[in-house]
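>>> Need a 3D model of the sequence below.
(one chain, ligands or ions: 1)
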Amino acid sequence: MTPSAPSPVWHPYAHLKTQRQAPKVIGGEGPRFTLEGGETLLDATCSWWCMIHGYRHPRLVRAIQRQADALCHVMLGGLTHEPADRLARELVRITPAGLDHVFFSDSGSVGMEVAMKMAVQYHRLRGRPEKHRMLSLMKAYHGDTAGCMAVCDPEEGMHSLFSGYLPRHHFAPAPTAPFDAAPEAVAADLAALRAVLERHHAEIAALLMEPLLQAAGGLNMTSPHYLVGARALCDKFDVLLVFDEVATGFGRTGRLFAADHAGVTPDIMVLSKGLTGGYLGHAATLATDRVHDAFIGDSPMHAFMHGPTFMGNPLACAVALESLAVFEEENYLGRIAGLNRVLEEELVRDEALAAHPAVVEVRTLGATAVIETRAATDLAGVADWAREQGVWLRPIGRWLYTMPAYVTTESELRRITTVMKGWFLR
Ligand SMILES: *Cc1c(COP(=O)(O)O)cnc(C)c1O
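Here you go, the predicted model:
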């Protein structure tokens, strides 16, 4: 093949007719990556929200090298190893009290598939086989595999084309009360959730949600009181509560986990993206005793029939352990609070930005900020324009957002916010 022949790489979410040649990344350092030819870009998205320590973090790189020298991979079927055992213990330690069992898999989507399968089998084992549907929220995004597509927003989500192929689940309205809403202001959201549960609880195995931040579905930031209310409703209607913290986990909302803002323990919680600091694909589905102990029994039906080849991969576990150590030793929650102050000051309190006719709302939560516009066309060309200013931005639909690496300095973050604002206030 000549060097100029088009690459056989098929890119995600890309229109083949209009896509342009993707820039080639050759390396990275901190919050920046470098392109062939020497151009460096400040990554405002930390590579789909997972590279929380930035690129080429020396401790993470060394952790992988050390583990590679000892053991790159071994099956978790019938065997175990130190990195998997230690990571499971660490995850139990840092997640909300009661999540004491850890099932590993290789991506966020598969972690959610595991959660849903666990919930259905849980009810089956307790003699409630009719509870086999999910209850999800509008604006939800839970991944791209079939089971996950079926619980993404069926109208505005990206998977509506597959509706004929997917199993049918129930949906409640997306919560609307913002993060700082008073408890009374959340009552209408909870009443809407309750109405769906009252009608359909007999067939609902689990309520799934991205707690506090519905991310890919439009960065909808919602109230911790909603989580508290959802917990109570799930208990009332014998429905398991599943928190998809694939995006929100590891500090993105300002606490280690979104659940921590509400003091709520879900029955099942899914982690991925930031779990390994983005250095390798991996996921963990955590469960409480209530869920786990239902699987203790004598029939063949009691085994949990799932086991991805690469679950518990030693390299992924080793780098996840190092990622956590860095997160705690270097006070990342303090850094995230600092990043949030900059985002508030530069974006939320900018009156000219708020008054711009294309802008619907500007909001932040932890190390996340979004400028919601009226239409995706308001953002046409923004990525190219940002690249000219040395910043990598990739809007989702009509949402221009940043989820920077936590190692981003305040002045680097001001560079990102200047470019985000600059698009509107040029
Ligand atoms: C990214 C994401 C997923 C899917 O994770 P993959 O690793 O891409 O499969 C699931 N849920 C949420 C909330 C996500 O943001």
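
>>> and the chain, which of its residues are near the ligand?
107-109, 112, 141-143, 210, 215-216, 244, 246-247, 272-273 (C-beta under 6 Å from any ligand atom). Quick note: C-beta positions are derived from backbone N, CA and C, even for glycine.

>>> Apply 8 Å and report the result again.
Neighbours of the ligand within the chain, by C-beta under 8 Å from any ligand atom: 48-49, 107-112, 141-145, 148, 210, 215-216, 244-248, 270, 272-273, 281, 283.

>>> Beta-bridge partners for the closest residue to Leu41 other than its chain neighbours, please?
The spatial neighbour of Leu41 that comes closest, neighbours along the chain excluded (C-beta to C-beta, 6 or more residues apart in numbering), is Trp392 at 4.2 Å. In this entry, Trp392 is beta-bridged to Asp43, by DSSP bridges.

>>> tally of neighbours for Trp392?
Trp392 has 23 neighbouring residues, counting by other C-beta atoms under 10 Å.

>>> list the contacts for it?
Taking C-beta atoms under 8 Å, 6 or more residues apart in numbering, we find Trp392 in contact with 33, 41-45, 383, 386.

>>> quick revisit: in helices, which of the residues of the chain next to the ligand appear?
48-49, 108-112, 148 (DSSP state H).

>>> Taking these, tell me the two that lie furthest apart.
Trp49 and Val110 (17.4 Å; C-beta to C-beta).

>>> how near is the residue in the stretch 1-150 of the chain that the ligand sits nearest to to Ala262?
Relative to the ligand, the nearest point of the stretch 1-150 of the chain is Gly108 (2.2 Å; C-beta to the nearest ligand atom). Separation of Gly108 from Ala262 (C-beta to C-beta, to the nearest Å): 21 Å.

>>> Neighbour count for those two, which is higher?
The neighbour comparison of Gly108 against Ala262 (other C-beta under 10 Å) goes to Gly108, with 29 against 22.

>>> Name the residues of the host helix or strand of Ile64 that come out as buried.
Using DSSP states H and E, Ile64 sits within helix 58-70. Neighbour-count burial for helix 58-70 flags 60, 63-64, 67 (criterion: 16 or more other C-beta atoms under 10 Å).

>>> hang on, the earlier thing: tell me the pLDDT of the residue of the stretch 1-150 of the chain closest to the ligand.
For Gly108, the model assigns a pLDDT of 98.

>>> Check the one 4 residues further on too.
For Met112, the model assigns a pLDDT of 98.

>>> ok, now which ones touch the closest residue to Ser323 other than its chain neighbours?
In this structure, Ser323 finds its nearest non-sequential neighbour in Gly277, 3.6 Å apart by C-beta to C-beta, 6+ apart. Counting by C-beta under 8 Å, 6+ apart, Gly277 makes contact with 50-53, 57, 60, 319-320, 322-323, 326.

>>> how far does stretch 165-180 stretch from start to finish?
One end of stretch 165-180 sits 39 Å from the other (C-alpha to C-alpha, to the nearest Å).

>>> Can you give the distance of that stretch from its chain's centre?
Put simply, stretch 165-180 sits 16 Å off its chain's centre (C-alpha atoms, centre = their mean, to the nearest Å).

>>> Touching it from outside, list them.
Everything outside stretch 165-180 that qualifies as a contact, by C-beta under 8 Å, 6+ apart, is 133-140, 146-147, 149-151, 153-154, 159, 185-186, 188-189, 192-193, 195-197, 200, 204, 212, 214, 217, 220-226, 363, 365.

>>> Going through those, which ones are buried?
133-140, 147, 149-151, 153-154, 159, 186, 189, 192-193, 196-197, 200, 204, 212, 214, 217, 220-226, 363, 365.

>>> Contact partners for the closest residue to the ligand within the stretch 301-426 of the chain?
Residue nearest to the ligand within the stretch 301-426 of the chain (C-beta to the nearest ligand atom): Met403, separated by 10.1 Å. Counting by C-beta under 8 Å, 6+ apart, Met403 touches 44-46, 49, 252, 367-368.

>>> Swap in 10 Å and give it another go.
Contacts for Met403 (C-beta atoms under 10 Å, 6 or more residues apart in numbering) come out as 43-52, 213, 215, 219, 247, 252, 273, 366-370.
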